[in-house]
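Undergrad: This is the structure alone, sequence omitted:
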């Protein structure tokens, strides 16, 4: 076997020696094809990287790395503060306590008014709890002016009971508001405004 390999190499060397120009041209052609392929590939990679760098420069508006870092930290702080203003879902035990406190108050009509999408989970929990104890509860999005935090109106004994139940369920301070129109209708409203720190 090794002799056949040696003989094959010697034969190939004789062929190359008989046509050195053709062999050299073949090697040069093969090298040129490989070089052109690699050059095109790396040129595309460099162009892609340059596009990414240009995009970052455009987004940073010429800011230094320290300025960019400060801006990112500021944006992270804003995200955290927005997340902290979101009202969480009520725990099952809190919902049970809420229902137990208000079940003895009879049956009433109540509208739960969420300020924005940060309060939808709490609004849904409250509407469900009121409906389970026999109150007629709906989520109302027609009212525009809802004060920050939790509020209940109109001010009377049932509203105070709702305030107490909300305070126990959420741990948040609940304010009472006066509203003659709702008082005449015998209905109640719960406002879920932006969460206070």
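TA: The structure has been received and is ready for your questions. This one's a predicted model, so the numbers in the text were calculated from it and none came from an experiment.

Undergrad: and this structure, what are its domains?
TA: Per the record, the chain has its domains at 2-84, 92-192, by automatic domain parsing.

Undergrad: Please verify my assumption that residue 139 contacts residue 122.
TA: No: Residue 139 is beyond contact range of residue 122, at 10.6 Å (criterion: Cβ atoms under 8 Å). Bear in mind the C-beta positions are built from the backbone N, C-alpha and C, glycine included.

Undergrad: and after the lowest-mean-pLDDT helix or strand in the chain, which helix or strand comes next?
TA: Every helix and strand of the chain was ranked by mean pLDDT, DSSP states H and E. The lowest is helix 65-84, at a mean of 75. If you walk from helix 65-84 toward the C-terminus, the next helix or strand you reach (DSSP states H and E) is helix 92-103.

Undergrad: So what touches that next one?
TA: Helix 92-103 is touched from outside by 90, 125-126, 129-130, 132-135, 161-162, 164-166, 168-170, with contacts defined as Cβ atoms under 8 Å, 6 or more residues apart in numbering.

Undergrad: residues in contact with residue 90?
TA: For residue 90, the contact set (Cβ under 8 Å, 6+ apart) comprises 98, 122, 125, 126, 129, 169, 170.

Undergrad: top of the residues you listed by neighbour count?
TA: With neighbours taken as other Cβ atoms under 10 Å, the top of the contacts of residue 90 is residue 126, carrying 27 neighbours.

Undergrad: That residue - nearest residue in space that isn't next to it in sequence?
TA: With sequence-adjacent residues excluded and distances taken as Cβ to Cβ, 6 or more residues apart in numbering, residue 126 is closest to residue 112, at 5.0 Å.
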